[in-house]
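>>> Predicted model follows, preceded by the sequence.
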Amino acid sequence: MISGRLGQAGVGGVLQECSRVRLDGAIRFWSSERRGGITLSFNDGRLVDARPDKRAVEQLMGERLVREGTLSRPFLKRALCVHKKTQKRLGDVLAELGLVDPSRVQRTIDIQCQDTLYELFEWQTGEYEQLPLDQPIAKTMSRMSMDSILAEGFRRLEEWPVIRARLSNYKVVFEQVASAQDKNEHLQLNEAQRSLLSLVDGRRTVFQLIQRSGLGEFSAVKALASLMSRGLIKIKKGKAFSDDPMGHQKESFGVVFRRLFWNLSLVGCVLVVLVSDGNWFGTEQQALESPRVNLVDPVLVGLELAEFVETYRALKESYPDDLDALTNVQLFLPDRVAAARELGIELISIGSDYEIRVRKEDGHVR
């Protein structure tokens with residue numbers, strides 16, 4: 001049985017030992033300094049899978065494909081239903097349904113596994129233990145030699161501090177310099193750099209660029225740092241951002257609740273004014289003649305809805321797919337949903353973002 005504590009050799013030493021004994025099985029790593037552990041699976045000493053105890057929402061395969069624009073959310077829901085019924089792997093379901101090309105599925109799996117694997121190289125302390133082999137080892141990763149894995153792991157370990165010194169805040173918004181496209185024709189940019197440059201639009205944060213690129217965190221951030229050094233992109237002025245690089249800091253439920261309470265109180269006061277007997281805006285007769293006074297203003301409902309959507313994101317780490325999702329967590333009451341729909345208000349999920357649209361009586365959207 002392979003077990004022990006991570007020493008000076010780190011995870012590299014453990015990988016070499018697994019390769020030497022041609023391990024068939026899994027090794028789980030954990031540390032008191034980390035949330036959750038990571039399990040590596042081997043077949044005849046070759047690494048075939050790497051997964052954390054629990055993936056963050058943005059790291060799930062379906063969510064990755066949606067956020068990069070490869071898969072729509074309705075199609076993801078359809079695939080998840082088939083996945084639950086058949087117990088087949090989601091990647092296999094997506095490929096069988098023809099929703100995502102098999103090569104793209106495999107690339108996403110490889111990026112998932114590699115991001116998890118190379119995170120282990122940063123662990124300075126921790127323990128590891130071989131797990132009982134009670135089921136067949138799932139082979140998910142594309143074949144990589146142990147030498148290439150170790151070389152890439154140590155390369156990332158060396159380069160990450162330099163990259164993070166250049167770009168440590170993932171809420172920064174970049175914009176292209178005026179002559180970025182002209183310079184692009186004369187500079188030898190690699191595929192990752194060209195891809196990231198095309199995505200920089202003055203609106204997306206670094207975190208959103210990572211998700212949209214589909215390259216994985218290390219490759220995407222490295223490409224952005226290189227584009228900064230070449231003078232092709234710059235930080236957009238006037239954009240406020242925090243010191244939370246990955247956006248992982250979560251507000252406590254109390255903070256979210258207090259913010260929601262005060263915003264609802266403000267909205268309630270405005271609604272009381274709007275549905276009053278007309279004493280605030282004129283005579284009672286004038287109020288009766290103006291049906292707009294007795295109706296809820298779509299703009300106000302839209303603002304209220306936007307507040308609930310952001311609260312949902314703070315609680316669930318993702319935006320809701322539709323209005324019904326808000327009622328499921330008791331943020332938006334059913335009668336408010338019905339009122340919003342009567343006013344033609346729609347919540348549209350767009351990849352990792354959303355839009356609130358108001359449909360006019362003539363069918364046009366504003």
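Nice, thanks for sending it over.

>>> any low-confidence regions in the stretch 201-350 of the chain?
238-300, 303, 307, 310-311, 313-317, 329-333, 349-350 (pLDDT under 70).

>>> In which helix or strand does residue 107 reside?
Using DSSP states H and E, the element containing residue 107 is helix 102-120.

>>> Pull out the buried positions in whichever helix or strand comes after that helix.
Sequence-wise, the next helix or strand downstream of helix 102-120 (DSSP H and E) is strand 127-131. For strand 127-131, a neighbour-count test (16 or more other Cβ atoms under 10 Å) marks residue 128 as buried. For the C-beta atoms, the positions are set from N, CA and C on the backbone; glycine is no exception.

>>> quick check: angle from strand 127-131 to helix 102-120?
Interaxial angle, strand 127-131 versus helix 102-120 (axes from the mean of the first three to the mean of the last three Cα atoms, to 10 degrees): 130 degrees.

>>> Could you list every helix and strand in contact with strand 127-131?
strand 3-5, strand 25-30 (3 or more Cβ pairs under 8 Å, 6 or more residues apart in numbering; DSSP states H and E).

>>> Listing partners with orientation, what would you give for that strand?
strand 3-5 (antiparallel), strand 25-30 (antiparallel) (DSSP bridges).

>>> Of those, which stretch is the most buried?
Most buried of these, by mean neighbour count (mean count of other Cβ atoms under 10 Å): strand 25-30, with a mean of 19.

>>> which residues touch that strand?
2, 6, 11, 14, 18, 36-42, 120, 123, 126-131, 133, 137 (Cβ atoms under 8 Å, 6 or more residues apart in numbering).

>>> redo that, cut-off 10 Å
1-3, 6, 11, 14-15, 17-18, 36-43, 47-53, 119-120, 123, 126-135, 137-138 (Cβ atoms under 10 Å, 6 or more residues apart in numbering).

>>> Out of these, which end up buried?
The buried subset of the contacts of strand 25-30 - by 16+ other Cβ under 10 Å - is 6, 11, 14-15, 18, 37-43, 47-52, 119-120, 123, 126, 128, 137.

>>> among these, which are in helices?
11, 14-15, 18, 119-120 (DSSP state H).

>>> Between which two of the residues you listed is the distance greatest?
18 and 119 (17.5 Å; Cβ to Cβ).

>>> returning to that earlier point: just give me the lowest mean pLDDT stretch among the helices and strands packed on strand 127-131.
When those are ranked by mean pLDDT, strand 3-5 comes last with a mean of 90.

>>> Please state the offset of that strand from the chain centre?
33 Å (Cα atoms, centre = their mean, to the nearest Å).

>>> rewinding a little: dump the helices and strands packed on strand 127-131 to CSV, plus distance to residue 189.
What follows is the helices and strands packed on strand 127-131, written out as CSV (distance: least, Cβ to Cβ, whole Å):
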stretch, distance to residue 189
strand 3-5, 43
strand 25-30, 36
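
>>> Quick one: list the elements packing against the regular element (helix or strand) spanning residue 339.
Per DSSP H and E: residue 339 is located in helix 334-342. Judged by 3 or more Cβ pairs under 10 Å, 6 or more residues apart in numbering; DSSP states H and E, the packing partners of helix 334-342 are helix 298-316, helix 323-328, strand 345-350.

>>> May I see the buried residues of it?
Applying 16+ other Cβ under 10 Å to helix 334-342 flags 336-337, 340 as buried.

>>> From those, pick the one nearest residue 73.
Closest to residue 73, out of all of the buried residues of helix 334-342 and judged by Cβ to Cβ, is residue 337, at 18.9 Å.

>>> For the closest residue to the closest one other than its chain neighbours, give me its contacts.
In space, and not counting its chain neighbours, residue 337 is closest to residue 323: 4.8 Å by Cβ to Cβ, 6 or more residues apart in numbering. When contacts are counted by Cβ under 10 Å, 6+ apart, residue 323 touches 305, 308-309, 332, 334, 336-338, 340-341, 345-347, 356.

>>> do the same with residue 3
Here residue 3 is in contact with 14, 27-28, 127-130 (Cβ under 10 Å, 6+ apart).

>>> With residue 97 instead?
Here residue 97 is in contact with 75, 78-79, 82 (Cβ under 10 Å, 6+ apart).

>>> Could you measure from it over to residue 42?
31 Å (Cβ to Cβ, to the nearest Å).

>>> picking up where we left off before, redo the ones in helices among the buried ones among the contacts of strand 25-30 as TSV? Include pLDDT.
Below are those laid out as TSV (pLDDT from 0 to 100):
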residue	pLDDT
11	90
14	93
15	93
18	93
119	91
120	91
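
>>> could you dump these to TSV with distance to residue 229?
Formatted as TSV, these follow (distance: Cβ to Cβ, whole Å):
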residue	distance to residue 229
11	30
14	35
15	32
18	38
119	25
120	28
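
>>> Which of these sits closest to residue 112?
Nearest to residue 112 among those, with distances taken as Cβ to Cβ, is residue 119, at 11.3 Å.
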